[in-house]
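Visitor: can't give you the sequence, but here's the structure:
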């Protein structure tokens, strides 16, 4: 065994420690890093505080110079935060390919987090009042939370100069950016705008052309066809829809059921839930969901089902019909996903059809999709606004649709490029006018948590429709009463 | 005696099969295309290596190395450094706590342990604020520091157990021979501690390698490690199960290899902690 | 900073120059420096932990007395113990506490039994023990998120291999994830699959360390297998096993990833653990103050439980 100079060994260890500690203050491999601040790092832990003080102003200084310099042609990277799915990659590719033609100095980098952490990753940064991203793609439910916290820029004036509200379906422009939202869910010119559409989305009905024939137009017809299809095809089930306990997955399905049957989930004016959500009509509609539709789904399926599960059920030929988000369908037409249905895209599309969600009392369809908001803490405000203005140009929206995205402007939606870009796009366009969203006030999560948990219990088959709606109503009414007392 | 042995062997085999089945199933899944994944067949499929290719090569039109490769190198660097640091800092501390009558040693040890009590979600926001302020957000350094700190309680507590088991007289005797305290530790105790250190390091490594919550919230696209990256493959679209399984398999390899390399010490190291007097 | 760190640490082994000569005779001051050596050996670890966790801890403690929300823009009011009272009087919290307790007891119990059982079998196995042990560690080497997602697929009522197998042997379809009791049981299984190896390897360590002469002596006395186990093996393994159980219990108490991925707390909120509930309050609802109080209460519970546990542990170790 070698004789080791132990003291020196400890010395090195300790020095390493101190360097590391002192390093807390420098962070020279920071993505947005300021390369000069690292040099100031002392080697004693004691200097940590001092160095940090020095670092902060330096960071701000860099930010300012970057902003100023960008106009002179300095390269700027705009960071967008979204979650990992096909549209995120599409948007990054599209923006870098097309926007660089207009403004070669700007690159767009997508910071995509796992889907379940999407909200949390964004709002953790908001909580620090400093963000690494310039643009946040927010779910429409979160706008109130972001606005009330002062985390996103008010785009009202900017929009007045750079977009024409008439270009958009009024419900979409409202859902992806307005807060507070007008009661009718349509764009309110007098209201404020905090986001502009990034990607439109809705529920559509995926169905097996070869087994169903024409897609059902009404809700009852859908149930009949599903039952018949299940009857006729050994080993297959009639329906597939979302119902998992995550996020708003079960809640949206419940809302869809209630809305199409003419019900409401609350009265936004009076902040009333009790008596509205659990009205006899709603209970009847929800009972149809549990008693007539659930038995047509694969056992144990709905309680854990979301986008991927419904896609799998359709792609594997397990169910005859299913509801899914349009943007989540990406890939379903390919043999990589749906190889069980055919070897080529053409073969697969002979079997898979896409239609608007059937109607009942109303033609309402659940709205998905999301808008782009600008972080209030961005250091590249002008570049971000320039980019947004570009993205909202009618011809760019057409190109976005052709590229595989889902635009939110009427002309782009009706363009041949969009209609032929993906097999489900025509079905989406059919229901655009009927899309409907739910709460977007800061308290949305407390409401959603109740809504989704209870709906999940119901869709897992462990709770009756009546109990479910009563539970939701009484719990949500408590929240509403608190909001009312809070003087909202 | 014979039947007992056969019974034990049989039971062990059963346990191994049951414990390893999910992992084997993951391996099988990694060799399947999506239809075969959902068909859930055991042998009746045509194996493909496409999933492994997709782990390393980007599927986008541009091609090139996939993002997972970057995540992978982040994971390797961060884990190696954090494990090393936790060992370098934790072992002396464990030794110190074991050998000396430190004032309030019990309280200090308990404080060390208690840093593990807090649910991560409570400390994520203040840590994020702190990291932003210190310029550590989305840096490997940031994660190295954090993971080192997270591994310290386990390292110190396990290693203290090991040091406790080595009679202090070893070091005392060496000191009588003229060695300093540190040399006595180096010569007397350290060689005996090596297996324990390696065993503990394997655990530190595993914890670090797989940590998810902080990796998601404290990194952007630059320093992101593999666990959040794999998680990103789930949800929001059709799940590429084959790719998920292949990525998980590839990602498990380095730890498995390290485990095999130190396997003698792994068992011996743990063993040694239990030797009493 | 990564470079600096790696340079400093990797330079360390090669830095062992021969320039330091050990003193030929013990210095008188050698003993005096013990105090410093003791302090210095512990200081880096304490510095590290205090440096990283003091601020988050203080932050949480201070805010737990307020109405602070990390993402809302509103003036802070001080409510002192109001948040604590709210958490402690909430029926929801107590429901989650019971779910968590059931989970911890079932999961750690199962892991201990199975882990110890496999370890015992392994300890009697001479050939290939090392390799087999490492192989059995594999579940631990996979990321919990991946483990969760994969088990979700395996337990899928339709496409899952578990149900395929059960159907093949005639048991029929089991709805693992959508029945409240069964869903919690599934979480126990998943967590146990991943963490049984942890207990196993530590128990194995204790088992292989039992000196042979003790057994030989017992053999001479014609002691029964049970006697040998109860009076020789167990007392020797127990202290080490207790530490392993403690670490597992602490982690199981904070269980989050697997719930999140496998059941999302469902059906309804039947598998929602304290950590998952806390996560919803902290992140989704941004009730930072309440979440802080909640988290601190959880820490207090673990602290008290661990205090008792450690006392017991020290007693066992002293024996």
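Guide: Arrived safely. Only a predicted model underlies this, so the values are computations on that prediction, with no experimental measurement involved.

Visitor: which residues of the stretch 51-200 of chain A fall in helices?
Guide: With DSSP state H, counting those that start in this stretch as the criterion, the stretch 51-200 of chain A has helices at A:86-102, A:118-127, A:143-148, A:156-162, A:170-175.

Visitor: next one: the stretch 51-200 of chain C
Guide: In the stretch 51-200 of chain C, the segments counted as helices under DSSP H, counting those that start in this stretch are C:82-88, C:91-123, C:129-136, C:138-141, C:144-154, C:161-168, C:180-208.

Visitor: weakest of the ones you listed by average pLDDT?
Guide: Mean pLDDT is lowest for helix C:129-136 out of the helices of the stretch 51-200 of chain C, coming in at a mean of 87.

Visitor: so how far is it from its chain's centroid?
Guide: Between the centre of helix C:129-136 and the centre of its chain there are 22 Å (CA atoms, centre = their mean, to the nearest Å).

Visitor: can that helix be found next to chain B?
Guide: Yes - on the criterion CB under 8 Å from any CB of the partner chain, helix C:129-136 is in touch with chain B at C:129-136. For glycine as for every other residue, the C-beta is placed from the backbone atoms N, C-alpha and C.

Visitor: Show me what that helix is packed against.
Guide: Here helix C:129-136 touches helix B:2-30, helix B:241-261, helix B:263-274, helix C:91-123, helix C:180-208, going by 3 or more CB pairs under 8 Å, 6 or more residues apart in numbering or on different chains; DSSP states H and E.

Visitor: And the ones you listed: which comes nearest chain A?
Guide: Chain A lies closest, by CB to the nearest CB, to one member of the helices and strands packed on helix C:129-136: helix C:180-208, at 6.1 Å.

Visitor: what inclination does that closest one have with respect to helix C:161-168?
Guide: If you take axes from the mean of the first three to the mean of the last three CA atoms, to 10 degrees, helix C:180-208 sits at 100 degrees to helix C:161-168.

Visitor: Tell me the residues on the stretch 51-200 of chain C that lie near chain A, please.
Guide: Checking the stretch 51-200 of chain C against chain A by CB under 8 Å from any CB, the hits are C:51, C:70-73, C:152, C:156-159, C:173, C:175-180.

Visitor: which stretches of chain A aren't confidently modelled?
Guide: Chain A contains residues with pLDDT under 70 at A:1-73, A:487-488.

Visitor: Per the annotation, how does it divide into domains?
Guide: Following automatic domain parsing, one gets these domains for chain A: A:76-201+A:368-436, A:202-366+A:440-485.

Visitor: Output these as TSV; include the columns distance to residue B:213 and mean neighbour count.
Guide: Formatted as TSV, those follow (distance: least, CB to CB, whole Å; neighbours: other CB atoms under 10 Å in any protein chain shown):
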stretch	distance to residue B:213	mean neighbour count
domain A:76-201+A:368-436	9	21
domain A:202-366+A:440-485	16	21
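
Visitor: To chain B, which of these lies closest?
Guide: domain A:76-201+A:368-436 (3.4 Å).

Visitor: That closest one and chain C, are they touching?
Guide: Yes - against chain C, domain A:76-201+A:368-436 shows contacts by CB under 8 Å from any CB at A:116, A:119-120, A:123-124, A:126-127, A:145-146, A:148-151.

Visitor: ok, and which of these reach chain B?
Guide: Checking the residues of domain A:76-201+A:368-436 next to chain C against chain B by CB under 8 Å from any CB, the ones in range are A:116, A:120, A:124, A:127.
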